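In: pasting the structure only:
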Ligand code: KIV
Ligand code: ZN
């Protein structure tokens, strides 16, 4: 049997960071980044990885195929609309996996039926034909009625029954627009289990978006009513306000096992590491007070809290930092710290490195420690994010940057940029050092993208703190994010800008590179 089936007291975790998560405006990930994240998800015990939407682009197809080939334990799933071409393409990509799954869907609510111009009966016929086709290719077929929570109950029962009869082994009930409420989410699953013939033979999944901030509560309510698969993403990444966050449902099931007596197969100590990795590659930093993975999730500021923590940690913590892979201490590292200490520290922080990776990170660590007396946990996390973003094959690479600034303007930036392997130099001025630097980048690599966001955060305290800079660009309605950290804010800014441009180049390579260059170039 190749399908993922939960044991009696288990809930399957279906991660869609690489599909629904990547659909977040600006969260485009490179091929290598997707492979790396898939490998971490597999390692942490995710039951099903939705690796992408193979028909969407050649890049998506290649990523899903490669992830399928490299998969070890997880089921590898691809998404397909309700047509035979999509489904065939999806199968071509996932078939390499030891345990492949095809996930096909169609919008079933009145609003979506209008868009597809299918009446109720025509849609039933389409569901029957497409699910049967998928099932002829693959033993493991998931079917979703998109916008299920706004579909008439009688019709929802009919479509679900049709998909089960056509061979679907998992029925996913999406709250596509984050509209449902926990009690309603539970009642919907209970209603389907009660009314649909064959419902006891398949697995019900819940897929919740977070538009009203209720995604996690809605997912858990669905489990209480009988759903045995939760669809989620790391850090809750996803369309609009995002999806149910993996770390939240997994830790809720663990901490409140008295109420929800179900387990997952997730190694929770890997949570922090993968959360940081996804934040770095997606360009979506985790908000400080985010449940489980936020920087402040285990920080205690007030005297009463600190006093309580010193006497008994359970006074103000319902889970231990180490349960999610966070170091219990904040041991400071410095330029005298050796390779073994760095490896141990990174392991405490949730990063397990091979010898070659450690060698590279150690060089970066030494360079940072030379500039910064004390290297804190957060500095190392920023350094790891930086290392995961560094791509020696990137189209644009900063070779040298020298900036002149002060009270007398205009400020000046001398920049050497490697563009597709050729080094170019320019001396530009601007209204401040960052403006001068960005002008220099634009002079060497003219483009039509608009700068939508420029944000600076200090990683730690002190005047020698590293700055993390986030940049967001848009071109033809598509968003490209970049992020970088450095003790020099202007260098971090330049690297973040170039990082966003490299994502734009990556995207246009799927299409046409010259299309993104401005007419001035
Ligand atoms: O939110 C949604 O409805 C989806 C479907 C494709 C499952 O992501
Ligand atoms: Zn979704």
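Out: Okay, I see it. The structure displayed is predicted, hence computed values, not measured ones. Ligands and ions are numbered 1, 2, ... in the order given.
In: what does the stretch 1-150 of the chain put close to ligand 1?
Out: 20, 105, 144, 146 (CB under 6 Å from any ligand atom). For the C-beta atoms, the positions are set from N, CA and C on the backbone; glycine is no exception.
In: of these, closest to residue 433?
Out: Of all these, residue 20 has the smallest distance to residue 433: 38.8 Å, by CB to CB.
In: ok so, going back, export the residues of the stretch 1-150 of the chain next to ligand 1 as CSV, with columns for pLDDT.
Out: Shown next, in CSV, are these (pLDDT from 0 to 100):
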residue, pLDDT
20, 96
105, 98
144, 98
146, 98
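In: could you dump those residues into JSON lines with secondary structure added?
Out: Listed next are those as JSON lines, based on DSSP: H, G, I helix; E, B strand; the rest coil:
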{"residue": "20", "secondary structure": "coil"}
{"residue": "105", "secondary structure": "strand"}
{"residue": "144", "secondary structure": "strand"}
{"residue": "146", "secondary structure": "strand"}
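In: in PyMOL, how would I select the buried members of those residues?
Out: PyMOL command restricting these to the buried ones, with burial defined by 16 or more other CB atoms under 10 Å:
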select buried, resi 20+105+144+146
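In: which parts of stretch 104-124 are buried?
Out: Going by neighbour count (16+ other CB under 10 Å), the buried part of stretch 104-124 is 104-109, 112-113, 118, 123-124.
In: from those residues, pick the one nearest residue 15.
Out: Nearest member of the buried residues of stretch 104-124 to residue 15, counting by CB to CB, is residue 105, at 17.1 Å.
In: the closest one is in contact with residue 144, isn't it?
Out: Yes: the pair residue 105 and residue 144 qualifies as a contact (CB atoms under 8 Å) at a distance of 3.8 Å.
In: shared neighbours, those two?
Out: Taking CB atoms under 8 Å, 6 or more residues apart in numbering as the criterion, residue 105 and residue 144 both touch 172, 174.
In: mind checking what helix or strand follows the helix or strand hosting residue 484 in sequence?
Out: Element membership for residue 484, per DSSP states H and E: strand 478-486. Downstream of strand 478-486, the next assigned helix or strand under DSSP H and E is helix 489-510.
In: what angle do that following helix and strand 478-486 make?
Out: 150 degrees (axes from the mean of the first three to the mean of the last three CA atoms, to 10 degrees).
In: in helix 489-510, which residues are buried?
Out: Buried residues in helix 489-510 (16+ other CB under 10 Å): 489-508.
In: one more: stretch 189-203?
Out: Quick answer for stretch 189-203 (16+ other CB under 10 Å): 189, 192, 196, 199, 202-203.
In: from residue 499, how far out is the residue of the stretch 351-500 of the chain found nearest ligand 1?
Out: Nearest residue of the stretch 351-500 of the chain to ligand 1 (CB to the nearest ligand atom) works out as residue 479 at 18.7 Å. Separation of residue 479 from residue 499 (CB to CB, to the nearest Å): 14 Å.
In: pLDDT below threshold where in this structure?
Out: 1-4, 300-309, 316, 327-331, 350, 388-392, 509-521 (pLDDT under 70).
In: ramachandran angles for the residue nearest in space to the middle of it?
Out: Within the chain, one residue has its C-alpha closest to the average C-alpha position: by CA atoms, centre = their mean, that is residue 17, at 4.2 Å. Main-chain torsions, residue 17, degrees, to the nearest 10: phi -60, psi -40.
In: got the contact list for it?
Out: 37, 41, 233-234, 237, 246, 278.
In: before we move on, the earlier item: inside helices: which ones of the buried residues of stretch 104-124?
Out: Members of the buried residues of stretch 104-124 lying in helices (criterion: DSSP state H): 112-113, 123-124.
In: quick one: which of the residues you listed is nearest ligand 1?
Out: residue 112 (9.7 Å).
In: how near is the residue lying farthest from the centre of the chain to residue 432?
Out: In the chain, counting by CA atoms, centre = their mean, residue 408 sits farthest out from the average C-alpha position, at 43.8 Å. Residue 408 sits 13 Å away from residue 432, going by CB to CB.
In: ditto for residue 180
Out: Plainly put, residue 180 is 48 Å away from residue 432 if you go by CB to CB.
In: ok, residue 285 next?
Out: 23 Å.
In: got it, and residue 490?
Out: Taking CB to CB, one finds residue 490 at 9 Å from residue 432.
In: identify the contacts common to the two.
Out: residue 405.
In: next, count neighbours for residue 420.
Out: The tally of other residues near residue 420 (other CB atoms under 10 Å) stands at 11.
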